[in-house]
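Chemist: give the three-dimensional model of this entry:
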Amino acid sequence: MDLRPGYKQTEIGPIPEDWDAVPLGDLFTFKNGLNKAKKYFGYGTPIVNYMDVFRHPGLRLDRIEGRVDVSKSELEAFEVRKGDVFFTRTSETVEEIGVAAAMLDPAQDTVFSGFVLRARPTDDRLDDLFKAYCFSPRYFRRQVVARATYTTRALTNGRSLSAAFLAVPPMDEQQAIASALSDVDSSITTAAQLIAKKRALRTGALQRLLTGDTRLPGFTTPWKLTRLGDYVSFLKNGVHSRAQLTANDPVRYLHYGDIHVAQNLRLDLQETEMPRLPAAEAARLSRLETGDVVFVDASEDLSGVGKSLEIMSVEGIEAVAGQHTIAARFDKDVLADGFKGYLQQIPTFTTHLRRLAAGTKVYATNRKHIASAEILLPEPDEQRAIVRVLSDMDDEITVLASRLEKTRALKQGMMQALLTGRVRLPVQGEALDALEVAHA
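Modeler: Below is the predicted model of the structure:
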């Protein structure tokens, strides 16, 4: 393949002619971290731990939560300085070793863990903020993985990392790249904080609306204490295992495991891929209808008792509930469609089920437990109004989360392009086009 004008071929592939491919051993000296008995941890001097490095490519002192009791000699031997880079040394998977983080704050009286390697700069060829990003591209990760060793865990060490090559731009371009990526990171942080705030508001609104502590405008009718067993019928579910299911048969099969891991309260059958069951196998089972609620009948912990999905959009689809589920059909004049998915978040309902749940390794519930529950319910019109409010909040969070994921994906693309020199940034002048795209 012909090189683009202005590029040269190196050990790590084509890079700009004014960049260098430099072995890490020419840029850093490596040292293993501190190992001590468990009793010394939890108090004393801040310590950079594995998860600090794994989660935060740019380390800040106020994020370092770990503490360890060290002697003066240990503090000197395992000190942390601004500009040091730390690499994860060992993990169960090779993808998690050699992950890097740079200390961006002036560090004093801070040490680092034996589960990470410290790379101390031998000179000032790398900008500190640039170090938080430059070890992320695929070309560098491939070198780390290729040089890893395996025993019971994947391992890397200073010798292996010293042999890995790094693409090093001129200092002014390093700073431009780091600034662009840092601005995208700031956008990501701001978006994540907004989503967290919206989720907290949604949780508060849900708790108040589902208990009647807050009433929506226009609704004043007192809520009624309702015994669910007076308004429910239970459906016949299946006893099939995963091994009996297929991908192409006509009847969709709701597996209890899919309820346990569901992130939503409702299951839209028009938009969800599901395992299938032959029609002959499903002949004796009750077909699910819109508004039916399918509960799991057991959970490994109490928090999972009452976990359920409300079935939506069944039109033209045949579906049944599987083994270890309880499929319930409630009177729609008592429990409105859309509201039933929130049963699992009404405190009196979940408290009732958890109080009755029996078991040692798992907590089991049954039809009698559900039927005997008594909860305060508003009229269906108020239920539907509550659903609209909460759904609007959910939709807003979904849109924000989608934008956040797109920005994160854009950052990954930017890092791959900028840190290999495939895309060059101006080092002077107006705001960068790539940065403007990141904020769009």
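Chemist: low-confidence ranges in this protein?
Modeler: Within the chain, the segments meeting pLDDT under 70 span 1, 240-243, 428-440.
Chemist: domain parsing for it?
Modeler: 7-168, 170-223+381-440, 225-377 (automatic domain parsing).
Chemist: ends of the last one, how far apart?
Modeler: What that stands for is domain 225-377. Using C-alpha to C-alpha, to the nearest Å, one end of domain 225-377 lies 6 Å from the other.
Chemist: just stretch 69-88 next, same as before
Modeler: Termini of stretch 69-88 sit 22 Å apart (C-alpha to C-alpha).
Chemist: please point out which parts of it sit buried.
Modeler: Within stretch 69-88, the residues scored as buried using 16 or more other C-beta atoms under 10 Å are 70, 74-75, 78-80, 83-88. For every residue, glycine as well, the C-beta is placed using N, CA and C.
Chemist: and stretch 256-272, by the same measure?
Modeler: Within stretch 256-272, the residues that qualify as buried are 256, 258-259, 265-267, 269, 272, counting by 16+ other C-beta under 10 Å.
Chemist: need the residues you listed in TSV with distance to Arg403 and secondary structure, can you?
Modeler: TSV is the format used below for these (distance: C-beta to C-beta, whole Å; DSSP: H, G, I helix; E, B strand; the rest coil):
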residue	distance to Arg403	secondary structure
Tyr256	34	helix
Asp258	27	helix
Ile259	29	helix
Leu265	23	coil
Arg266	23	strand
Leu267	25	strand
Leu269	28	coil
Thr272	23	coil
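Chemist: adding distance to Leu376, write these out as JSON lines.
Modeler: JSON lines is the format used below for these (distance: C-beta to C-beta, whole Å):
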{"residue": "Tyr256", "distance to Leu376": "29"}
{"residue": "Asp258", "distance to Leu376": "31"}
{"residue": "Ile259", "distance to Leu376": "25"}
{"residue": "Leu265", "distance to Leu376": "19"}
{"residue": "Arg266", "distance to Leu376": "22"}
{"residue": "Leu267", "distance to Leu376": "26"}
{"residue": "Leu269", "distance to Leu376": "30"}
{"residue": "Thr272", "distance to Leu376": "32"}
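Chemist: nearest to Arg199, of these?
Modeler: Nearest to Arg199, judged by C-beta to C-beta, of these is Leu265 at 14.4 Å.
Chemist: leaving out chain neighbours, which residue sits closest to the closest one?
Modeler: Nearest non-adjacent residue to Leu265, counting by C-beta to C-beta, 6 or more residues apart in numbering: Gly341, 3.4 Å away.
Chemist: go ahead and confirm that neighbour touches Leu309.
Modeler: Yes: counting by C-beta atoms under 8 Å, Gly341 does reach Leu309; the two are 7.0 Å apart.
Chemist: residues shared between the contacts of these two?
Modeler: 265-266, 293 (C-beta atoms under 8 Å, 6 or more residues apart in numbering).
Chemist: the residues you listed into TSV, with extra columns for distance to Ser313?
Modeler: Shown next, in TSV, are the shared contacts of Gly341 and Leu309 (distance: C-beta to C-beta, whole Å):
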residue	distance to Ser313
Leu265	14
Arg266	9
Val293	15
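Chemist: among the residues you listed, which one sits closest to Thr360?
Modeler: Proximity of those to Thr360 (C-beta to C-beta) peaks at Val293, which lies at 27.1 Å.
Chemist: narrow the buried residues of stretch 69-88 to those in helices?
Modeler: Among the buried residues of stretch 69-88, the members falling in helices (DSSP state H) are 74-75.
Chemist: residue contacts, Leu210?
Modeler: Contacts for Leu210 (C-beta under 8 Å, 6+ apart) come out as 342, 345-347, 386.
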